[in-house]
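K.L.:
Sequence first, then the predicted structure, then my questions.
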Amino acid sequence: MDLSQAKLDANRANAQHSTGPRTDEGKARSSQNRLTHGFASAHLIVSDDERELFDALHEGLRTELRPTGCLEQTLFAQLLHAAWNLHRIKKMEADLFASGDILNPAFGKSLDLVMRYQRLHTRNYHAARKALADQQTNRLIAERIGHTVVFHESEALPIAANAHKVRTATHAAYEAMRKAARFAGYPDP
């Protein structure tokens, strides 16, 4: 479909009138147009009224996990992001059910969306937690045995420096000890 020259000229003239926001406030507001819930955002979304709760979560996780170094800090940030989004998702789910509009077809669509993001952020949380635990285990092993830990299996590394193998072997030994103790009539350790 070809546009006439008159229509093209009119479109160009109209386009000159819509140049977008000009003030800093307008630009900031416009940058949030796409944001509806923020669960797919690369940045944390923390409202002013939840800042105190977020700070408590942040400090509690930091105190408990004690990340050190750039890699551990990055993994901690991923874990925090997922944990905070899970908090927000639970709140949104509660609000959705509190609306009492369960029979509305839009309710099902909204619930599906909430559940999809809940699965995503649960996976992200557990993946970040496991990666952080592996990294911290590797760091502690390296400190104890005095070797630099290499994180890729394709490269040469001391057998003791592989956190997964250490954790698996330790867990297997613990389970064997528990079974033997149970067999001998001792209570679980």
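P.N.:
Cool, got the structure.

K.L.:
quick one: the helices in the chain?
P.N.:
5-17, 24-31, 51-65, 69-98, 105-145, 163-183 (DSSP state H).

K.L.:
Counting neighbours, show which residues of the fourth one come out buried.
P.N.:
For helix 69-98, the neighbour count (16 or more other C-beta atoms under 10 Å) marks 71-72, 75-76, 78-86, 88-89, 92-93, 96 as buried. Heads up, the C-betas are built off the backbone N, CA and C, glycines and all.

K.L.:
sorry, back to before: so for Leu44, which of the helices of the chain sits nearest?
P.N.:
Leu44 lies closest to helix 69-98 among those, at 5.7 Å (C-beta to C-beta).

K.L.:
Could you list every helix and strand in contact with the closest one?
P.N.:
Judged by 3 or more C-beta pairs under 8 Å, 6 or more residues apart in numbering; DSSP states H and E, helix 69-98 is in contact with helix 51-65, helix 105-145.

K.L.:
Mean pLDDT added to those, as TSV?
P.N.:
Below are these laid out as TSV (pLDDT from 0 to 100):
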stretch	mean pLDDT
helix 51-65	94
helix 105-145	86
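
K.L.:
Can you tell me which of those is nearest to Asn14?
P.N.:
Per C-beta to C-beta, nearest to Asn14 of these: helix 105-145, 34.6 Å.

K.L.:
Alpha carbons of stretch 103-123, in CSV - could you do that?
P.N.:
Output of stretch 103-123 as CSV, limited to C-alpha atoms (Å, rounded to 0.1, in the frame of the first residue of the first chain):
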residue,chain,number,x,y,z
LEU,A,103,-14.5,-15.9,38.6
ASN,A,104,-13.3,-13.2,36.3
PRO,A,105,-11.3,-14.7,33.3
ALA,A,106,-8.6,-12.0,33.8
PHE,A,107,-8.0,-13.5,37.3
GLY,A,108,-6.8,-16.8,35.7
LYS,A,109,-4.5,-15.0,33.3
SER,A,110,-3.1,-12.9,36.1
LEU,A,111,-2.6,-15.9,38.4
ASP,A,112,-0.8,-17.8,35.5
LEU,A,113,1.6,-14.8,35.1
VAL,A,114,2.3,-14.7,38.9
MET,A,115,3.0,-18.4,39.0
ARG,A,116,5.3,-18.3,36.0
TYR,A,117,7.4,-15.6,37.6
GLN,A,118,7.3,-17.4,40.9
ARG,A,119,8.8,-20.5,39.2
LEU,A,120,11.4,-18.4,37.4
HIS,A,121,12.6,-16.6,40.5
THR,A,122,12.6,-19.7,42.6
ARG,A,123,14.9,-21.4,40.1
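
K.L.:
Now do the closest residue to His58 other than its chain neighbours, the pLDDT please.
P.N.:
Using C-beta to C-beta, 6 or more residues apart in numbering and skipping the chain neighbours, the partner closest in space to His58 is Leu80 (6.1 Å). pLDDT for Leu80: 94.
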